[in-house]
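Participant: Sharing a model that was predicted from the sequence below.
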Amino acid sequence: MPQIELEGISKTFRISQRPEGKLGILKGAFVRETKTIRALEEISFNIGEGELVGYIGPNGAGKSTTVKVMSGILTPDGGRCTIMNRNPWKERVAHVSRIGVVFGQRSQLWWDVPVSDSFDLLKDIYNIPSDRYKKRLQELSETLDIAKLLKTPVRQLSLGQRMRCEIAAALLHSPRIVFLDEPTIGLDAVSKLALRDFLKSENQRNGVTMILTTHDMDDIESLCSRVMVIGHGKLLYDGKLKALKEQYAPFRAIRATLQEKVDEISIEGATKIKIEGTTWTVLYDPSQTPSHTMVERLAQQLPLKDIVIEETDIDEIIALMYREMGL
């Protein structure tokens, strides 16, 4: 039986608009025009226990709205949502005791007090027994390397340090499901790698179900085999990441910097070559020619100085999906 079930979930928002121009400003002081935004349109999917699913799409696609519905923060206009046999917004108190939520751009920690004070307050909010709290806090402190940060006020932490503490706060009560909304946004490369390793370990070791929304394709590549793509409030794709890339981004690019200018030559397996001075961009199909083979061919035929293998950006993939679906 699925742990998370959404069927036909829809959500609209009404926003005020001020007419343009000087007359519009005067008119707007007396009459407010409103516009209806359809954030979600008939969203349906199931997620099983222990899955780690990537939920991706451009800004304004409906990712955060979906997470807020599943968290019980928002009530949808229509549809059915059942999570661990509960309705999130009707049974919110019982529901939040079994879930954890991390919003990359919002904090659940108190800004001016030490991190440990926030944790102690969350212990009381979730009614965590003292012995279990101490054991869990020690485990999270060691795994996330935050022991030395516990007595530091949150406002003095770097973004990477704060995000590690945010993750710990969301997991203190040992939730069975964790919603991660842009958890790596703004983090440096080292912090991202550490956070990904922790999430993967928590998922595999403790069987925690995770739904990850992100713009970072590396997050998805590192953590998720299943992805759901949302655009204009509609679910556009639900399946394997590999199949998505094969369907909408079959080609990969090698950007090669040469030691000197070279006239264009034929490279076996290359579908297209673009030359700008000493920089060559070579497109190829990795299903037909493996990356290491293409690199070997370039090295044999060109005076290479440096190379970078580039993936198609997720926004480009979604743009292709939009065009194909006529959205």
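Facilitator: It's in.
Participant: and the residue lying closest to residue 160 once chain neighbours are set aside, what helix or strand is that in?
Facilitator: Nearest non-adjacent residue to residue 160, counting by C-beta to C-beta, 6 or more residues apart in numbering: residue 191, 3.4 Å away. Just so you know, the C-beta spots here come from the backbone N, C-alpha and C atoms, and that holds for glycine as well. Per DSSP states H and E, residue 191 falls inside helix 189-206.
Participant: for the residue lying closest to residue 128 once chain neighbours are set aside, helix, strand, or coil?
Facilitator: Closest residue to residue 128 apart from its sequence neighbours, by C-beta to C-beta, 6+ apart: residue 173 at 5.5 Å. When classified by DSSP: H, G, I helix; E, B strand; the rest coil, residue 173 comes out as coil.
Participant: which regions of this protein lie under the pLDDT threshold?
Facilitator: Under the criterion pLDDT under 70, the flagged ranges of the chain are 17-32, 312-316, 325-327.
Participant: quick one: the helices in it?
Facilitator: 21-28, 63-71, 92-96, 115-125, 130-144, 159-171, 189-206, 217-223, 241-248, 291-301, 314-325 (DSSP state H).
Participant: Show me which residues of the shortest one are buried.
Facilitator: Spelled out, it's helix 92-96. By 16 or more other C-beta atoms under 10 Å, the buried positions in helix 92-96 come out as 95, 96.
Participant: ok now stretch 302-318, how far from the chain's centre?
Facilitator: Chain-centre distance of stretch 302-318: 21 Å, with C-alpha atoms, centre = their mean, to the nearest Å.
Participant: what are the C-alpha coordinates of it, in CSV please?
Facilitator: Provided in CSV are the C-alpha atoms of stretch 302-318 (Å, rounded to 0.1, in the frame of the first residue of the first chain):
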residue,chain,number,x,y,z
LEU,A,302,43.2,17.3,-30.9
PRO,A,303,45.8,19.1,-28.8
LEU,A,304,43.7,19.1,-25.7
LYS,A,305,44.4,21.5,-22.8
ASP,A,306,41.2,20.9,-20.7
ILE,A,307,37.8,19.2,-21.1
VAL,A,308,34.5,19.4,-19.3
ILE,A,309,31.5,17.0,-19.9
GLU,A,310,28.3,18.9,-19.6
GLU,A,311,24.8,17.5,-18.8
THR,A,312,21.7,19.1,-20.2
ASP,A,313,20.2,21.5,-17.7
ILE,A,314,16.9,20.5,-16.1
ASP,A,315,15.3,23.7,-17.2
GLU,A,316,16.3,22.9,-20.8
ILE,A,317,14.7,19.5,-20.5
ILE,A,318,11.5,21.0,-19.2
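Participant: Give me the contact list for that stretch.
Facilitator: Stretch 302-318 is contacted from outside by 56-58, 215, 217, 220-221, 229, 231, 236, 244-245, 248-249, 251-260, 262, 265, 278, 280, 291, 295, 298, using C-beta atoms under 8 Å, 6 or more residues apart in numbering.
Participant: just the buried members of those?
Facilitator: Buried members of the contacts of stretch 302-318, scored by 16+ other C-beta under 10 Å, are 56-58, 215, 217, 220, 229, 231, 236, 244-245, 248, 252-254, 256, 258, 280, 295, 298.
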